[in-house]
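1. Fold the following and give me the result.
(chains A and B)
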Number of protein chains: 2
Amino acid sequence: MDNYKAPIRDLQFNIFELFGYDRHYQDLPGYGDVNAEIINAILNEFDKFCSNILSPLNAVGDQEGCQWHDGEVTTPGGFREAYQQYVEGGWPALAHDPAYGGQGLPESLSLILAEMRGTANWAWGMYPGLSHGAVNTLKHHGTDSQKSHYLSKLVEGSWTGTMCLTEAHCGTDLGLLRTKAEPNADGSYSVTGTKIFISSGEHDLTENIVHIVLARLPDAPVGVKGISLFIIPKFDVLEDGSLGDRNGVRCGSIEHKMGIHGNATCVMNFDNAKAYLLGEPNQGLQAMFTFMNTARIGTAMQGIGHMELGYQKSLAYAKDRLQMRSVTGPKNPDGPADPIIVHPDVRRMLLTQKALLEGGRMMLCYTGKFVDVIDHAADPEQRKAAEDMLSFMTPIAKAFLTETGFESANLALQCFGGHGYIQEWGVEQNVRDARIAMIYEGTTGIQALDFIGRKVLGSGGELLKNFTREVHQFCKAHADDEAMQEFVIPLQALNKKWGDLTLHIGTKAMENADEAGAASVDYLMFSGYACLAYFWARAVATAQAAIAGGSSEAEFYEAKLATARFYFQRILPRTNVCEQGILSGADNLMSLSEAAF
Amino acid sequence: MDNYKAPIRDLQFNIFELFGYDRHYQDLPGYGDVNAEIINAILNEFDKFCSNILSPLNAVGDQEGCQWHDGEVTTPGGFREAYQQYVEGGWPALAHDPAYGGQGLPESLSLILAEMRGTANWAWGMYPGLSHGAVNTLKHHGTDSQKSHYLSKLVEGSWTGTMCLTEAHCGTDLGLLRTKAEPNADGSYSVTGTKIFISSGEHDLTENIVHIVLARLPDAPVGVKGISLFIIPKFDVLEDGSLGDRNGVRCGSIEHKMGIHGNATCVMNFDNAKAYLLGEPNQGLQAMFTFMNTARIGTAMQGIGHMELGYQKSLAYAKDRLQMRSVTGPKNPDGPADPIIVHPDVRRMLLTQKALLEGGRMMLCYTGKFVDVIDHAADPEQRKAAEDMLSFMTPIAKAFLTETGFESANLALQCFGGHGYIQEWGVEQNVRDARIAMIYEGTTGIQALDFIGRKVLGSGGELLKNFTREVHQFCKAHADDEAMQEFVIPLQALNKKWGDLTLHIGTKAMENADEAGAASVDYLMFSGYACLAYFWARAVATAQAAIAGGSSEAEFYEAKLATARFYFQRILPRTNVCEQGILSGADNLMSLSEAAF
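-> Numbering: from 1, shown residues only, chains lettered A, B, ... in the order given. Sure thing, here's the model as predicted:
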């Protein structure tokens, strides 16, 4: 099986042509020297690492899995060496603050690389991926001393970080958590409790692991208002930065999971573990959102990764596998049969993947810019606008791209027929790996409640209007462009319907609070399809301009037009189902008694 | 984890109230004594076997898998003992001809039991399941001597049968197959070639295995017209019925698959294997359709099995798992949180499963009757009508119920959150096991081509009209029933649209042969949703009559009404997407050049 190759041309289309990252960087303090040449050099260099080193280890990770022995975890063969190369290449430090040894490149560029890393080998990528979130949390909430102790090691990749939230009886409902932190005389704390589902909780890649843990102080208020955040290193860190004693945190076991076998999902037992308060007491959940937002965008990217991997594999197979003749006459008359890509339904499966994948990639490339602005723009209003937009896009991206990611991964498998069901081609692994993305970092249902409740209705519709206004302006700008009408007219109608449905839900939810939940997933998916319609229309405008300008890559741009047309004609009608679901109301869900189910 | 329990009450609703199996049997020669008492006794007895014996082995089968050593296959621990109990209980013989030791019960009843067996343990059930198809093929195409040699052993379950079609380079396109059969002087043949993906091809459950194998005679015409069918026993069968020499057929390896680990998927090497021609030379593919039709309905049932298992597990979990409060106020005020079944979106996931599951069960219960009529009705016209209807329903049932089966299994997993992704609860196994059903016995795409091409357009629309006429008559019969209008009006509209879309596709396909393929899967799925709308409307009529009649089980019947309403309001709008896909035509699939993908 061929290794993954990064879709460099499509990434460049997004980065430069559609979203103007080079100009965007030049407008932001500190990024002025990040030009196209640097970006392209980084993409090409990282592609080599991903395709040559990470991609061959993807199947190894699945088949060997992680091994637990007496509290220690051994990662699959080759994972450790690949991690060393990753650190030697300076990749963990790419988008971090130079004050802590980072290279100071933009977060949006790091996100592009995360797609490449995750497509090549998602389970492996979770080790540095979670670490990236831990760095951001420490940077935002740590004291100077905490930063100096932990950040440089995490940034260079000598240590990794984790995020310890879930307990057996609480995942979504963190207010129920029981892990206790008792103050010690020296200002540190002793933490006791058991956390489950801790990704990368224990491993053999680095000499130390820094856990960021949610726990309760004595006499903390009940519920989510009594949660504090703690730093708990596997090995204590002494004043001079060297490693001290082994701390009272041990991996009790690792889970047997459907997929992502190469990443250790750990039960972590904290037994009077020495801990350091991170941020203010009882403010832990808010602080954790820094971590969770990073993780949610990262998980959205997982959807793209599985789409890309599945698409590459199924496209290659569809061109290679000979089976039956085209009904319009042989296309490969010298062979025993035609390649299956001649069959309309195989093309439907490939184009569905392509439209969701490339559209989803646009969504994340669009979203990544806001992270840069939040981090680096001088103007507070600009930062606030970017925060609003990121906050709006995050639940859509997380839920919509992981749902469609799983759909795409399954279509890729389907293109292989029976061969897809066996281990050999890696497409069944891709499906199994993709399945978790709709669950962790908040399920689709939780994202949908966050979206309709906190983001849209919670802002009085403002966050939505920011986006629909942009869509409207795009439509207006192309109102006289004949060739754009097949996209602009339905997009404009959809944009209006989006507002109407929001008003409808808001009104009904005032009468019955269950109405928002009953509409939530349909509303989020509607929003996802509407966003992709906007991005595909933008792609069309860009592609048409390139063709009109006499581009030598006409085939590439024509494919954008054809894929956009496919999206509008065959995918976008799904918004009708979402609309009907929303309008049908809560009664059809709530009227059945629990006993009658 | 609790064992599976058969949904006896729902089965009875279908069998007696909705589809009148008891009256149906009384009208068929040979089944006059199959009354409600006998049916209920069989259901209850088989439930005990399924829940106590098969269900606990489902996880064992997944975790241990089959082991291959030097051509021999060991099934997971307990499989062999369970099979012995199955044989001792007389279950393999249930629906077979008394002339060969069968109990002569109707095939439709056997299908109900296949749901129970398959839900409890699909991988185990494939051993007797494939055998059942082999019996039917031998019965229809074997000589008297072949029947006397093989049937009684297969019927009693001392031997099992397989179906050997696929080769590495051909699955769908059997015309390409290369396995060769050379005639021997004694009238037998020597078969040489390699078959792959042979379910139950080798195992330790029985003393002999009877392979039914597709191969080519010397000088056979190329393509599908040159395929003949052969019986190849693992141990040759002597004139007196005793076992002779070990034949030249060996299992070269077993596949590492995504799921159904408890069933051995074998590479079978035939090396001058002694073979007996079954049926006429070069008529093998037609004869194999007997086997495939049985297998396709069996695979449709697999969809139901995974829906039922997932629904049972996720419903129990949703009632038990406490997480967050209902937004309309606590429903479990004495506990730390409410059970998650209070949340609207969890109910949406449960009701989607319930509506597809119970509707799908109706579809197969409806379909099963035609098999009885074909086998036993005296009137040739009645048999022909049943054959037409079975032929129409088979691709819908196979593709639609396996697609929705996979969807349902995934929704069940989703209800568990992170806990669903780990092995412990069995819901991730259920997803992995369900995934193959959309592929084997003809993928969804192949079923869709068979449906639109051979069944609907191939009959000049007659097979469809037989069904839509029945729907129309139902709607007419309930035209004055006020309480039925919320179902009858949309059903009538859908029925008309079904015809219109068929005409549209037929017309366009005359201009461009790719149009049928481009519409095929959307058309099949449209048909599936339309069928379920009809069955749900029938269930409503039956439930309303029971409630009006003062039934003491009002809660059961009210649940049918509520689930039907959910289906019409939240699932049926999916037909709009199918319609738009069909109307969008083939251009959006075919215009992109292969290189531009």
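
2. list the helices and strands the longest strand along chain A packs on?
-> Longest strand in chain A, counting residues (DSSP state E): strand A:265-278. Contacting strand A:265-278 under the criterion 3 or more Cβ pairs under 8 Å, 6 or more residues apart in numbering or on different chains; DSSP states H and E are the following elements: helix A:122-141, strand A:189-199, strand A:208-215, strand A:228-233, strand A:249-254. The C-beta positions use only the backbone N, C-alpha and C, and glycine is treated the same way.

3. Can you check which of those gets nearest to residue B:311?
-> strand A:189-199 (24.7 Å; Cβ to Cβ).

4. Next, report how far that closest one is displaced from the centre of its chain.
-> Distance of strand A:189-199 from its chain centroid, counting by Cα atoms, centre = their mean, to the nearest Å, is 25 Å.

5. And chain B, is it touching that?
-> Yes: using Cβ under 8 Å from any Cβ of the partner chain, strand A:189-199 comes into contact with chain B via residue A:197.

6. and the direction of that strand versus that of strand A:249-254, what angle?
-> 30 degrees (axes from the mean of the first three to the mean of the last three Cα atoms, to 10 degrees).

7. Strand A:189-199 pairs with which strands?
-> strand A:180-183 (antiparallel), strand A:265-278 (antiparallel) (DSSP bridges).

8. Burial-wise, tell me which of those comes out on top.
-> strand A:265-278 (a mean of 22; mean count of other Cβ atoms under 10 Å in any protein chain shown).

9. okay, the angle between that one and strand A:208-215?
-> 80 degrees.

10. Render the CA-only coordinates of strand A:265-278 in CSV, please.
-> As requested, the backbone C-alpha atoms of strand A:265-278 are provided in CSV (Å, rounded to 0.1, in the frame of the first residue of the first chain):
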residue,chain,number,x,y,z
THR,A,265,-5.9,5.5,26.4
CYS,A,266,-5.2,5.3,30.1
VAL,A,267,-6.8,4.8,33.4
MET,A,268,-4.8,7.2,35.6
ASN,A,269,-4.7,6.7,39.3
PHE,A,270,-3.6,9.7,41.4
ASP,A,271,-2.7,8.7,44.9
ASN,A,272,-1.6,11.7,46.9
ALA,A,273,0.1,13.0,43.8
LYS,A,274,2.0,16.2,44.3
ALA,A,275,0.2,18.9,42.4
TYR,A,276,0.5,22.6,41.6
LEU,A,277,-2.6,24.8,41.3
LEU,A,278,-2.9,26.2,37.8
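
11. quick one, what contacts residue A:130?
-> A:160-163, A:199-200, A:295 (Cβ atoms under 8 Å, 6 or more residues apart in numbering or on different chains).

12. count of residues packed around residue A:230?
-> Neighbour count for residue A:230, taken as other Cβ atoms under 10 Å in any protein chain shown: 25.

13. partners of it in the sheet?
-> Bridge pairing for residue A:230 - DSSP bridges - gives residue A:213, residue A:277.

14. Just the pLDDT for it.
-> With respect to pLDDT, residue A:230 has a value of 97.

15. Quickly note the distance from it to residue A:264.
-> 21 Å (Cβ to Cβ, to the nearest Å).

16. Of the strands paired with strand A:189-199, which is nearest residue B:583?
-> Using Cβ to Cβ, the strands paired with strand A:189-199 put strand A:265-278 closest to residue B:583, at 45.9 Å.

17. Could you provide the strands paired with strand A:189-199 in JSON lines, with additional columns for mean pLDDT?
-> Below are these laid out as JSON lines (pLDDT from 0 to 100):
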{"stretch": "strand A:180-183", "mean pLDDT": "98"}
{"stretch": "strand A:265-278", "mean pLDDT": "98"}
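
18. Could you export those as JSON lines, including distance to residue B:584?
-> Output for those, formatted as JSON lines (distance: least, Cβ to Cβ, whole Å):
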{"stretch": "strand A:180-183", "distance to residue B:584": "59"}
{"stretch": "strand A:265-278", "distance to residue B:584": "43"}
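
19. Return the subset of the contacts of residue A:130 lying in strands.
-> A:160-163, A:199.
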